[in-house]
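A.B. asks: I would like to see how this sequence folds:
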Amino acid sequence: MKKLLVIVVLLCSTQAFCQGQFQKETAGSLTFVSGHVMQLAQAIPADKYSWTPEKGVRSVAEVCAHIISANYFFASKLGAKIPDGVKMETLEKNLKTKDAIAAELKKSYDLILNAIKNTPDAALANKVEFPFPGEFTSMSAILIVVGHSNEHLGQLIAYARMNKIAPPWSEGK
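C.D. replies: As a prediction, this is how the structure comes out:
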């Protein structure tokens, strides 16, 4: 009987230890990526924010604004309130200056990171509706936003390198 009690206690403590583990790890991953996105946004000179690799492709400013918009969108799907004054319909068109983009990048990453950290384990399987086909959950939203930031970090790295700008974390290597 004592052995059974010990096993039950160990299983319960392991379960309690894992509560929020997914949220902690994905928030950690997004924190890392967001740091790189924001460092790169600072490293790119303001006069390059309108640069685009070719006609019909997003500029540096538009890529950053797209990341911001997505962060707010996914945070709202996790129950976060989009800050007052943010107009989702025109956000990507309104953000043009380096300073405005840098400030909004930080706000949007803070919001999505807090939304991820505050998502209870029990809510991870909740259905979430997106404007694109498929069945999604809160966990899907978290995974998509992490992948999305990684995708556009890669795009911004390519843009920077095309303009002879080394990402700050790789300079001198």
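A.B. asks: And the strands in this protein?
C.D. replies: Taking DSSP state E as the criterion, the chain carries its strands at 127-128, 136-137.
A.B. asks: I'd say Ser168 and Gln39 touch.
C.D. replies: Wrong residue type there; residue 168 is Pro, not Ser. Yes - the criterion here is Cβ atoms under 8 Å, and Pro168 meets it with Gln39 at 4.7 Å. Bear in mind the C-beta positions are built from the backbone N, C-alpha and C, glycine included.
A.B. asks: Can you check which of the strands of the chain gets nearest to Lys107?
C.D. replies: Counting by Cβ to Cβ, Lys107 lies closest to strand 127-128 out of those; the figure is 22.0 Å.
A.B. asks: Mind giving me the packing neighbours of that closest one?
C.D. replies: strand 136-137, helix 138-162 (3 or more Cβ pairs under 8 Å, 6 or more residues apart in numbering; DSSP states H and E).
A.B. asks: Burial-wise, tell me which of these comes out on top.
C.D. replies: helix 138-162 (a mean of 18; mean count of other Cβ atoms under 10 Å).
A.B. asks: can you list the strands of the chain in CSV and add distance to Lys24?
C.D. replies: Output for these, formatted as CSV (distance: least, Cβ to Cβ, whole Å):
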stretch, distance to Lys24
strand 127-128, 20
strand 136-137, 18
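A.B. asks: how far away is the nearest residue to Val33 once chain neighbours are set aside from Ile112?
C.D. replies: Counting by Cβ to Cβ, 6 or more residues apart in numbering, Val33 lies nearest to Ser149, which is 4.6 Å off, once chain neighbours are set aside. As for Ser149, its distance to Ile112 is 9 Å (criterion: Cβ to Cβ, to the nearest Å).
A.B. asks: who touches both of those two?
C.D. replies: Shared contacts of Ser149 and Ile112 (Cβ atoms under 8 Å, 6 or more residues apart in numbering): 30, 71.
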